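[1] compute the structure for the input listed below.
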Amino acid sequence: MTTRREWLQSLVILATLPVLGRAAATAKAAKPLRILFLGGTGFLGPQQVEYALARGHAVTLFNRGKSQADLFPDVETLLGDRDGKLDALKGRRWDVVIDNSGYVPRH
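    Here you go, the predicted structure:
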């Protein structure tokens with residue numbers, strides 16, 4: 001049988017988990033990366049971009065500029081389209097590219 005003390009301790013632990021999780025989530029990355037997000041302003045993008053920025057990564061967005069274009073005014077945004085309008089990416093390099101869209105498999 002659980003004692004009252006054990007029950008209260010478990011409540012305290014459960015209550016602090018969200019706080020600990022946020023602190024860990026915003027801890028600076030050991031090695032900041034240059035990250036390119038294809039899109040970044042819709043679906044899961046905004047949360048991923050915010051997380052990357054909070055970790056200290058250098059973020060670039062590549063999108064058409066149609067959806068929430070002013071969402072990240074301090075983040076470099078390259079205009080184009082993954083469906084063939086890729087000129088803005090030429091000559092550039094990133095450590096990581098994140099594309100969470102599975103709308104059209106050929107992309």
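
[2] CA atoms for contacts and neighbours, from now on please.
    Noted.

[3] can you pull the contacts of the residue most central in space within the chain?
    Note on the chain: the residue nearest the mean C-alpha position is Gln48, at 1.6 Å, using Cα atoms, centre = their mean. Residues near Gln48 by Cα atoms under 8 Å, 6 or more residues apart in numbering: Gly40.

[4] quick check: mean pLDDT of the helix or strand hosting it?
    In the assignment (DSSP states H and E), Gln48 maps to helix 45-54. Here helix 45-54 scores 94 as its mean pLDDT.

[5] just the pLDDT for the nearest residue to Gln68 once chain neighbours are set aside.
    Excluding its sequence neighbours, the residue lying closest to Gln68 (Cα to Cα, 6 or more residues apart in numbering) is Thr41, at 6.0 Å. We have a pLDDT of 91 for Thr41.

[6] now Thr41: how far from Arg93?
    Noted for Thr41: a distance of 21 Å to Arg93, by Cα to Cα, to the nearest Å.

[7] and what of Pro32?
    For Pro32 relative to Arg93 (Cα to Cα), the value is 15 Å.

[8] neighbour count for the two, which is higher?
    The neighbour comparison of Pro32 against Arg93 (other Cα atoms under 10 Å) goes to Pro32, with 14 against 11.

[9] quick one: the more buried one and Val59 touch, right?
    No - contact between Pro32 and Val59 fails when scored by Cα atoms under 8 Å: they sit 10.1 Å apart.

[10] about what we covered before: right, and the helix or strand after the helix holding Gln48?
    Counting by DSSP H and E, the next helix or strand C-terminal to helix 45-54 is strand 58-63.

[11] quick one: contacts of whatever helix or strand comes next after that following strand?
    Sequence-wise, the next helix or strand downstream of strand 58-63 (DSSP H and E) is strand 76-79. Applying Cα under 8 Å, 6+ apart, the contact partners of strand 76-79 are Val59, Thr60, Leu61, Phe62, Asn63, Arg64, Gly65, Ala88, Leu89.
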